[in-house]
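Engineer: have a look; sequence and predicted model below, questions after that.
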Amino acid sequence: MMKCPQALLAIFWLLLSWVSSEDKVVQNPLSLVVHEGDTVTLNCSYEVINFRSLLWYKQEKKAPTFLFMLTSSGFDKKKGRLSGILDKKELFSILNITAPQTRDSAVYLCAVEAQCSLVTCNLYSNSTAEALQL
């Protein structure tokens with residue numbers, strides 16, 4: 001009877017390692033100092049199996065605040081002075097901040113949502129954050 005739980009554990013571990021072994025999300029630049037009035041461009045590239053959408057967040061002192069989701073290639077999403085572009089062919093997204101102000105100082109995060117697999121659904125976020133300081 002002991003062999004069955006060990007076999008299940010080994011299979012479960014293999015499935016978990018399969019889910020995230022190929023996926024990555026990278027942002028650049030890692031930090032940025034901007035003067036008021038400059039245009040800010042933050043980049044996010046990804047390699048994710050079964051891509052579904054890319055999400056941008058802003059984090060100040062508390063939990064991240066959702067900015068917007070990009071799902072269609074070439075889609076330009078605008079929210080006030082923020083705009084986001086997604087290129088699914090080249091596997092990247094850009095977040096632009098027009099005429100940044102002091103209140104825009106924060107950490108900006110991109111995350112990629114993958115399609116559900118037989119094992120689980122995952123939200124792959126970047127391991128590094130972009131800090132924007134004005």
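Structural biologist: Structure's in. What do you need? Residues are numbered from 1 along each chain as shown.
Engineer: can you give me the strands for this structure?
Structural biologist: Assigned strands in the chain, in chain order: 24-28, 31-33, 40-47, 51-59, 65-70, 76-79, 82-87, 92-97, 106-114, 123-125, 130-133 (criterion: DSSP state E).
Engineer: quick one: the fifth one to strand 82-87, angle?
Structural biologist: Using axes from the mean of the first three to the mean of the last three Cα atoms, to 10 degrees, the inter-axis angle of strand 65-70 relative to strand 82-87 is 40 degrees.
Engineer: pLDDT weak spots in the protein?
Structural biologist: Across the chain, the ranges flagged by pLDDT under 70 are 1-22, 73-75, 116-134.
Engineer: which residues does Thr65 bridge with?
Structural biologist: Beta bridges link Thr65 to Lys58, judged by DSSP bridges.
Engineer: how many residues are close by it?
Structural biologist: Thr65 has 11 neighbours, counted by other Cβ atoms under 10 Å. C-beta coordinates here come from the backbone N, C-alpha and C atoms, glycine included.
Engineer: isn't it right up against Lys58?
Structural biologist: Yes. Counting by Cβ atoms under 8 Å, Lys58 is a contact partner of Thr65 at 5.0 Å.
Engineer: for Leu42, what are its contacts?
Structural biologist: By Cβ atoms under 8 Å, 6 or more residues apart in numbering, the contact set of Leu42 is 27, 29, 32, 94-97, 108, 110, 130, 132.
Engineer: neighbour-wise, which of those residues leads?
Structural biologist: Counting by other Cβ under 10 Å, top hit in these: Cys110 with 28 neighbours.
Engineer: cool, thanks, signing off.
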